[in-house]
Structures are given as C-alpha cells and as structure tokens.
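Enquirer: Turn this into a structure:
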Amino acid sequence: MKTAFVILQLITCVVLMCAIVLQSGKNSGLSALSGGQSDSYLAKNKQKSRDARLALATKWIAGLFVILTVILNLI
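Expert: All right, here's what the predicted structure looks like:
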C-alpha cells in the first residue's frame, strides 16, 4: 500500500513540475516596453486563459501532493 502511495506521489510531483514550468512568467507583459513584439488582442486572451487553467491545475495538483505527503507520513 505504501509503495502505491509513493509511486502516486512521484507521478504527482512530475506533473506538478511540468505545470509550473509551462506557466508564463508574470513579467511577460512588460516586453512591449523594451521593444518586444506585441501580440494581438486574441492571442493575449488565449494566453491568459491557458495560464488561468494552468494556475488552477497547479493548485489542485499541489493540494493532492500535500494530501499524499500527509498520508505517507501517517503510514
């Protein structure tokens, strides 16, 4: 039983890292000030919705990771 929880926690850890890495940085909107190429309105909204979904997924995966950690400490 403990082995199954450890494997599940490792999978959760890898998925959590991927979700964090795929998110865009908070300062990505400031690139227009330094001469960066600006995107269209639709591209910006698409990026925001993707980031919002990734942020929500990150919260849920992190919560699952914490719960699995507590369960493994109790076993």
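Enquirer: For the helix or strand hosting residue 62, the averaged confidence score.
Expert: Per DSSP states H and E, residue 62 falls inside helix 41-74. Mean per-residue pLDDT for helix 41-74: 86.
Enquirer: can you give me the offset of stretch 16-28 from its chain's centre?
Expert: 6 Å (Cα atoms, centre = their mean, to the nearest Å).
Enquirer: and what of stretch 66-75?
Expert: The answer for stretch 66-75 is 21 Å, by Cα atoms, centre = their mean.
Enquirer: Would you mind listing the buried residues in it?
Expert: residue 68 (16 or more other Cβ atoms under 10 Å). For the C-beta atoms, the positions are set from N, CA and C on the backbone; glycine is no exception.
Enquirer: try stretch 56-65
Expert: For stretch 56-65, by 16+ other Cβ under 10 Å, it's 57-58, 61, 65.
Enquirer: ok, back up a step: helices or strands up against the helix holding residue 62?
Expert: Taking 3 or more Cβ pairs under 8 Å, 6 or more residues apart in numbering; DSSP states H and E as contact, the helices and strands that helix 41-74 lies on are helix 2-22.
Enquirer: what's the helix it packs on in contact with?
Expert: Helix 2-22 is contacted by residues 54, 57-58, 61-62, 64-65, 68-69, 71-72, 75 when judged by Cβ atoms under 8 Å, 6 or more residues apart in numbering.
Enquirer: Farthest pair within these?
Expert: Distance extremes for those: the farthest pair is 54 and 75 at 31.1 Å, using Cβ to Cβ.
Enquirer: OK, contacts around residue 72?
Expert: Residue 72 touches 2, 5-6, 9, counting by Cβ under 8 Å, 6+ apart.
Enquirer: and those residues as a markdown table, adding pLDDT, distance to residue 19 and neighbour count?
Expert: Output for these, formatted as a markdown table (pLDDT from 0 to 100; distance: Cβ to Cβ, whole Å; neighbours: other Cβ atoms under 10 Å):
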| residue | pLDDT | distance to residue 19 | neighbour count |
| --- | --- | --- | --- |
| 2 | 92 | 26 | 9 |
| 5 | 94 | 21 | 14 |
| 6 | 95 | 20 | 13 |
| 9 | 96 | 15 | 17 |
